[in-house]
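Visitor: make a model of this:
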Amino acid sequence: AAYRKNVRRLLANLQGTQEGSIVDRVLSGVVSARRLAKMSQEELAPTVMREERKRRREEELSAIEKYARADVSDEKCPQCGTEGMTVSVARVGGTYAEERQQALLYRCTSCSYTSRDAG
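Guide: Residues are numbered from 1 along each chain as shown. Reported below is the predicted structural model:
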């Protein structure tokens, strides 16, 4: 079942004609056939779609941080190693209140690296 799902996902993405699609990246040699077989749905998406998803995630995190109460933790930033990341607790995801989950949002005070851990 998983194999069939992966084949369908690949076929759907290989039919894309958008600029920056996986077809363009395979034909130009940027992505090998071996790598293509192991790519996630996000990696297979056209460049424009990946950038849009990234922008939406950043907007969501900004909105959450705006309304969430932040505390400073002793966590180390995985990107720059600085101690003292801010931690915010927020409810994220889902359209309806009952679908939302509590998440911890970590933001480095030095390099602004952000990560989210669902709780």
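
Visitor: so for the longest helix anywhere in the chain, what gets flagged as buried?
Guide: Looking across the chain with DSSP state H, the single longest helix is helix 47-67. Under the neighbour-count criterion of 16 or more other C-beta atoms under 10 Å, helix 47-67 has 61, 64 buried. Where you see a C-beta, it was placed from the backbone N, CA and C, and this is true even at glycine.

Visitor: how far off centre is that helix?
Guide: Relative to the chain's own centre, helix 47-67 is displaced by 9 Å; criterion: C-alpha atoms, centre = their mean, to the nearest Å.

Visitor: what's the next secondary structure element after the helix or strand of the chain with the lowest mean pLDDT?
Guide: Each helix and strand of the chain was given a mean pLDDT (mean pLDDT, DSSP states H and E); the minimum falls on strand 70-72 at a mean of 71. The helix or strand immediately downstream of strand 70-72 is strand 86-92, counting by DSSP states H and E.

Visitor: give me the distance from the helix or strand just after that following strand to the chain's centre.
Guide: The helix or strand immediately downstream of strand 86-92 is strand 101-107, counting by DSSP H and E. Between the centre of strand 101-107 and the centre of its chain there are 14 Å (C-alpha atoms, centre = their mean).

Visitor: how about strand 101-107: buried residues?
Guide: 103, 104, 105, 106, 107.
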